[in-house]
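Engineer: Following is a predicted model, sequence given first.
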Amino acid sequence: MNVSDLTALSIAELLPLLRRREASPREVLEALQARIAETEPRIDAYLSIDFDEALRQAERADVNLPLGGVPIAIKDIISVAGQPCTCASRILRNYRAPYDATVIGKLRAAGAIPFGKTNMDEFAMGASTENSSVKLTRNPWDTSRVPGGSSGGSAAAVAANAAFGALGTDTGGSIRQPAAFSGVVGMKPSYGRVSRFGLVAFASSLDQAGPLTKTVRDAALLMNAIAGPDLQDSTCLNEAVPDYTADLERDLRGIRLGLPKEYMIDGIDPQVRTALDKAVAHFNSLGAEIIDVSLPHTEYAIASYYMIASAEASANLARFDGVRYGHRAEKPANLLDHYSRTREEGFGPEVKRRIILGTYVLSSGYYEAYYARAQKVRTLIRRDFAEAFARVDALISPTSPVPAFPLGERSSDPLQMYLADIFTNAANLAGICGISLPCGFARTENGTRLPIGLQLLGKALDEQRVFQIAHAYEQSTGWHKQRPPICGETSNAQRPTSNVQL
Amino acid sequence: MSETVELDVAHVAKLARLHLTEEETKLFQAQLGRVLDYAEKLRELDTSAVEEAAHAVPIFDVFREDEPRSWLSAEEALQNAPRQANGLFIVPKVVE
């Protein structure tokens, strides 16, 4: 098997080859290294890669473990011991993580090899990866467009076969939206399902780590590895982890899918709307019942989200004071000057904006008007979902109202960028789980195909059912087999095992 | 920016220990003014009888055994320090 064949495989396709010793972890890693050398000049998905260390791990990988010998890319906001963890920020440019995040420890225990750190919006604040202080990552389907964000490097790497799978984080859509823009699968777990220990905190009541993969089954495999209780994170739920692959082959008869009427907004791109309508019809043909539901407080979700997320961010980012780690300003006039210039020099524009916004909404005299009110609206949004999930098993919507937009198009107007989060923010406020998976393509004026993402939202801790519904759709439509032009003609047509010489 | 929004970016920047240039201050004043204008819509709702949701999942009283564990050595804890010596973080002189 040649290099492009190996890297085109899903994790579920790769594992049997490793177990039967038809490919060694070293060969897999070397194939990936060669692939990344091809794709990086065009998409710039990675911030750092340590192949030497990864090769050492590959040499002693136990291929009988659930993810034995599988290299996994990691968003640069998740601590991997000894590796850089910059959050794509100048303030952490020289920082190296002294310990593993719990999700990294769990990946290692499952035999996976975390080998590289992916680009992102600085401190995960953004929806295009353009807020990286290091470089722009490009969408593998159209390199003049953004890959989505903030986990844009993870999404682009997986889409380009430059990673078998990746971890991202999702505070308001940062796994699901780049998955949609880049044509891959992305799962945001329920709040508390996955440990946050070792993630650099953005908004602590909203952040969750989760997988970005080529298929739904791969996302379930990664969730099997990373989910579960953690004594290092008091918000991590003490609930047993089911085998997320167990129900994948169950059919959809009796499944009820809710279509929130408030999500049928004017701003949806017509091609996205068409793809959603077709997906709904397809679910119907698979035996699922489609039910109209209402989430009456939808229009307040974005305002509530940006008040809460910015408030939590301003508190979390207070730790960057230039004392114990990170950038430090030279020759301060006094203590205030030391803090103020360290932070001025270290943070980029979007991070500064959110620190100001968050500090303001928490400040004396404004706390009640903005922050407390937003938290009350959050209660109303949670109730909306509780009522909807009393009637349906999952909610269906586009992941984003638009497909990937051109680089630079939206970076000058923060409010417009925030408004694009309309379908994803609420899930984080409510703590429920959600997945984005490919559901078709939009055509640009010059004929380029851009992936469209379908979002399925499930109630808290119902990841297993969400995976089941997503898998049934994926396998019966085959959208996941479509690869971007950067993957070449050979891997375009067939990725499954028929391609593999046994 | 509407009259209900009283944001003073220069003042908030001091609270946040974040120096901004004059240009940034002006830009943020306009941009965040629009964001706060948008947030005014939260006032449309009667939330007088609604409790604040402090967290996505209400869980309380999470404890673990208070047992000593091996953790970072002093050397490891200092490895990212901007300046260090003799097992200590070195900071600029801040008192006369």
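Structural biologist: Received the coordinates, thanks. Residues are numbered from 1 along each chain as shown, chains lettered A, B, ... in the order given.
Engineer: so which residue of chain B comes closest to chain A?
Structural biologist: Nearest residue of chain B to chain A, counting by CB to the nearest CB: B:Ala56, 2.7 Å away. Where C-beta positions appear, they are placed from N, C-alpha and C, glycine not excepted.
Engineer: With adjacent residues omitted, what lies nearest to that residue?
Structural biologist: Here the nearest residue to B:Ala56 in space, its sequence neighbours aside, is A:Gly431; by CB to CB, 6 or more residues apart in numbering or on different chains that works out to 2.7 Å.
Engineer: The one you found and A:Arg382 touch, don't they?
Structural biologist: Yes - the pair A:Gly431 and A:Arg382 qualifies as a contact (CB atoms under 8 Å) at a distance of 7.4 Å.
Engineer: Quick check: neighbours shared by those two?
Structural biologist: Common neighbours of A:Gly431 and A:Arg382, using CB atoms under 8 Å, 6 or more residues apart in numbering or on different chains, are B:Ala56.
Engineer: Show me which of these two is the more surrounded one.
Structural biologist: Neighbours per residue (other CB atoms under 10 Å in any protein chain shown) separate A:Gly431 from A:Arg382, with A:Gly431 holding more: 27 against 21.
Engineer: For stretch A:166-176, list the C-alpha coordinates in CSV.
Structural biologist: C-alpha atoms of stretch A:166-176 as CSV (Å, rounded to 0.1, in the frame of the first residue of the first chain):
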residue,chain,number,x,y,z
ALA,A,166,-7.8,15.2,16.0
LEU,A,167,-9.0,16.7,19.3
GLY,A,168,-10.5,20.2,19.4
THR,A,169,-12.4,22.2,22.0
ASP,A,170,-15.9,23.7,21.6
THR,A,171,-17.0,26.7,23.7
GLY,A,172,-19.6,28.0,21.4
GLY,A,173,-19.3,25.8,18.3
SER,A,174,-15.5,25.6,17.9
ILE,A,175,-15.5,21.9,17.0
ARG,A,176,-18.8,21.7,15.1
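Engineer: so what's B:Val50 up against?
Structural biologist: A:Lys376, A:Val377, A:Thr379, A:Leu380.
Engineer: Quick check: phi and psi on it?
Structural biologist: Note on B:Val50: backbone dihedrals following degrees, to the nearest 10 are phi -110, psi 140.
Engineer: same thing with A:Arg20?
Structural biologist: Backbone torsions of A:Arg20, given as degrees, to the nearest 10, read phi -90, psi 10.
Engineer: contacting residues around the residue of the stretch 401-502 of chain A found nearest chain B?
Structural biologist: Chain B sits closest to A:Gly431 of the stretch 401-502 of chain A, with a gap of 2.7 Å, by CB to the nearest CB. Taking CB under 8 Å, 6+ apart as the contact definition, A:Gly431 lies against A:Ser190, A:Tyr191, A:Gly192, A:Arg382, A:Ala460, B:His55, B:Ala56, B:Val57.
Engineer: show me where the stretch 351-500 of chain A has strands.
Structural biologist: Ranges of strands in the stretch 351-500 of chain A, per DSSP state E, counting those that start in this stretch, are A:394-398, A:433-443, A:449-458.
Engineer: Work out the gap between the shortest one and the centre of the chain.
Structural biologist: The reference is to strand A:394-398. Here the centre of strand A:394-398 is set off from its chain's centre by 17 Å, with CA atoms, centre = their mean, to the nearest Å.
Engineer: What lies in contact with that strand?
Structural biologist: Counting by CB under 8 Å, 6+ apart, A:180, A:255, A:257-260, A:263, A:268, A:272-273, A:275-276, A:279-280, A:283, A:290, A:293, A:295, A:385, A:388, A:423, A:452-458, A:462, A:465-466, A:469 sit against strand A:394-398.
Engineer: Mind checking which of these land in helices?
Structural biologist: A:180, A:272-273, A:275-276, A:279-280, A:283, A:385, A:388, A:465-466, A:469 (DSSP state H).
Engineer: so what's residue 1 scoring on pLDDT?
Structural biologist: Since no chain was named, I'll use chain A. At A:Met1, the model reports a pLDDT of 57.
Engineer: my bad, chain B
Structural biologist: What the model reports as pLDDT for B:Met1 is 57.
Engineer: Strands of the stretch 151-300 of chain A, start to end?
Structural biologist: A:165-170, A:185-188, A:208-213, A:256-260, A:289-293.
Engineer: got the angle between the third one and strand A:165-170?
Structural biologist: Strand A:208-213 runs at 140 degrees relative to strand A:165-170, counting by axes from the mean of the first three to the mean of the last three CA atoms, to 10 degrees.
Engineer: Adjacent strands (with direction) for strand A:208-213?
Structural biologist: Next to strand A:208-213 in the sheet, as set by DSSP bridges, lie strand A:165-170 (antiparallel), strand A:185-188 (antiparallel).
Engineer: Do the helix or strand bottoming out on mean pLDDT in chain B and chain A come into contact?
Structural biologist: Within chain B, no helix or strand scores below helix B:74-77, which has a mean of 93 by mean pLDDT, DSSP states H and E. Yes - applying CB under 8 Å from any CB of the partner chain, one finds that helix B:74-77 is in contact with chain A at B:Glu76, B:Ala77.
Engineer: Spatially central residue for chain B, please.
Structural biologist: In chain B, the residue lying closest to the centroid (CA atoms, centre = their mean) is B:Ala16, at 7.5 Å.
Engineer: Apply the buried test to the ones in helices among the contacts of strand A:394-398 and list what passes.
Structural biologist: Burial by neighbour count, 16 or more other CB atoms under 10 Å in any protein chain shown: within these this picks out A:Ala180, A:Val272, A:Ala275, A:Leu276, A:Ala279, A:Val280, A:Phe283, A:Phe385, A:Ala388, A:Arg465, A:Val466, A:Ile469.
Engineer: Residue numbers of the stretch 151-300 of chain A in contact with chain B?
Structural biologist: Within the stretch 151-300 of chain A, the positions adjacent to chain B are A:190-192, A:205-206, A:231, A:234-235, A:237-238, A:297, A:299-300 by CB under 8 Å from any CB.
Engineer: repeat that for 7 Å
Structural biologist: Residues of the stretch 151-300 of chain A found near chain B (CB under 7 Å from any CB of the partner chain) are A:Tyr191, A:Gly192, A:Ser205, A:Leu231, A:Ser234, A:Thr235, A:Leu237, A:Tyr300.
Engineer: now those in a markdown table, with neighbour count?
Structural biologist: Output for these, formatted as a markdown table (neighbours: other CB atoms under 10 Å in any protein chain shown):
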| residue | neighbour count |
| --- | --- |
| A:Tyr191 | 27 |
| A:Gly192 | 25 |
| A:Ser205 | 21 |
| A:Leu231 | 14 |
| A:Ser234 | 15 |
| A:Thr235 | 19 |
| A:Leu237 | 22 |
| A:Tyr300 | 23 |
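Engineer: so of these, which ones are in helices?
Structural biologist: Judged by DSSP H, helices contain none of those.
Engineer: what's the closest of the strands paired with strand A:208-213 to B:Ala81?
Structural biologist: Closest approach to B:Ala81 among these (CB to CB): strand A:165-170, 26.3 Å.
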